[in-house]
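Asker: With the sequence up front, the predicted model follows.
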Amino acid sequence: MKISSSQTDAIETHRPGGLTLTRAALDYCSLAPGERVLDAGCGYGATCSFLHEEAGFKVFGMDASAERIALATARSTGWGGVRARLPRLPFAPDAFKGIFCECVLSLVPDKPSCLDNFFELLQSGGHLVLTDLYLPGATPVSLHSPALTCLDGALNKTDLIRIIEQAGFKIRIWEDHTPLLKQMACEMVFKHGSLENFWNTLTGDVFHCGLGSRCRAGELKPGYCLIVADKVTE
Ligand SMILES: C[S@@+](CC[C@H](N)C(=O)[O-])C[C@H]1O[C@@H](n2cnc3c(N)ncnc32)[C@H](O)[C@@H]1O
């Protein structure tokens, strides 16, 4: 599907690649106008507006932040939004043909349950689009802990693939988009003066330990990926 950029780009996304990566993901999915699509962790609703206005889907957004979901739904142009915290999903099984989860899974406390719930929510033949940070394959990570930032909650590539497959999905696309992460890091330096200042705007002046602090110290190099996984049932 060829989609041109539009005014939906003006609503800010908060992740590497923005809607450019969403467009690329959409090209990998067979989704028809009118089908039901969920944006899990929709933030301010940029992807919801894009998917509704430009791709013609019946879109639902959800986000844990009361402030973000309120702003998102206030400027919605015909899609619905609800406040809910993953891994809980207030929808019936088989409710959606597509689920987008862009830069959110790393923040979810129980990632395997979240993926199980995504699988249950998707119709047969449906697609899960995930974009997120990932760490080198052998990095010890927690699948279940709450995370202050996406750096703290990032999974390593091996565990990320394993838990997606264990939920029942078949991974069709794995693409590395680390250059987009580096580009966003540069943009944050220009906007906030330094990466440290940027992280402090997100987390405040709290004591950091664990994966996030190792990434911030340059000991661990995170990557960024796009995954498209299918619910294939024989
Ligand atoms: C990096 S932002 C990405 C927002 C949006 N997907 C985008 O691409 O612009 C992460 C979003 O995840 C939301 N979030 C974090 N933990 C969540 C959870 N457990 N359940 C639902 N949303 C969550 C945050 O409120 C935030 O809006």
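Answerer: Now that the structure is in, tell me what you want to look at. Numbering: from 1, shown residues only.
Asker: Going by C-alpha atoms from here, please, whenever you check contacts or count neighbours.
Answerer: OK.
Asker: pLDDT on the longest helix seen in the chain, on average?
Answerer: Counting residues, the longest helix in the chain under DSSP state H turns out to be helix 178-192. Mean pLDDT, helix 178-192: 92.
Asker: list the helices and strands it packs on?
Answerer: Applying 3 or more Cα pairs under 8 Å, 6 or more residues apart in numbering; DSSP states H and E, one finds that helix 178-192 makes contact with helix 195-203, strand 223-230.
Asker: residues in contact with it?
Answerer: Contacts to helix 178-192, defined as Cα atoms under 8 Å, 6 or more residues apart in numbering, come from residues Arg15, Pro16, Gly17, Ser194, Leu195, Phe198, Pro222, Gly223, Tyr224, Cys225.
Asker: just stretch 193-206 next, same as before
Answerer: Leu148, Thr149, Ala185, Met188, Val189, His192, Arg216.
Asker: in the chain, which spans are helices?
Answerer: Along the chain, counting by DSSP H, helices occupy 18-27, 46-53, 66-74, 111-121, 150-153, 157-166, 178-192, 195-203, 211-216.
Asker: winner for burial among those helices?
Answerer: Comparing the helices of the chain by mean neighbour count (mean count of other Cα atoms under 10 Å), helix 46-53 ranks first with a mean of 25.
Asker: returning to that earlier point: could you dump the helices and strands packed on helix 178-192 to CSV with distance to the ligand?
Answerer: As requested, the helices and strands packed on helix 178-192 are exported to CSV (distance: least, Cα to the nearest ligand atom, whole Å):
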stretch, distance to the ligand
helix 195-203, 10
strand 223-230, 12
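Asker: Which one, of the ones you listed, ends up nearest to Leu21?
Answerer: strand 223-230 (7.9 Å; Cα to Cα).
Asker: the longest strand in the chain is where?
Answerer: Secondary structure of the chain per DSSP state E: the longest strand is strand 122-135.
Asker: which other helices and strands contact it?
Answerer: strand 96-102, strand 155-156, helix 157-166, strand 223-230.
Asker: Adding mean pLDDT and distance to Ala40, write those out as TSV.
Answerer: Putting the helices and strands packed on strand 122-135 into TSV (pLDDT from 0 to 100; distance: least, Cα to Cα, whole Å) gives the following:
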stretch	mean pLDDT	distance to Ala40
strand 96-102	98	5
strand 155-156	94	18
helix 157-166	96	16
strand 223-230	97	15
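Asker: Dig out what the residue sitting nearest the centre point of the chain forms beta bridges with.
Answerer: Geometric centre of the chain, nearest residue: Glu102, 1.7 Å, by Cα atoms, centre = their mean. For Glu102, the beta-bridge partners under DSSP bridges are Thr131.
Asker: That one touches Asp132, doesn't it?
Answerer: Yes: with contact defined as Cα atoms under 8 Å, Glu102 counts as touching Asp132 (6.5 Å).
Asker: Look up the pLDDT of Cys215 for me, please.
Answerer: As predicted, Cys215 sits at a pLDDT of 79.
Asker: What residues does it make contact with?
Answerer: Contact analysis of Cys215 by Cα under 8 Å, 6+ apart lists Leu151, Lys221, Pro222.
Asker: Since that was my last question, I'll sign off now.
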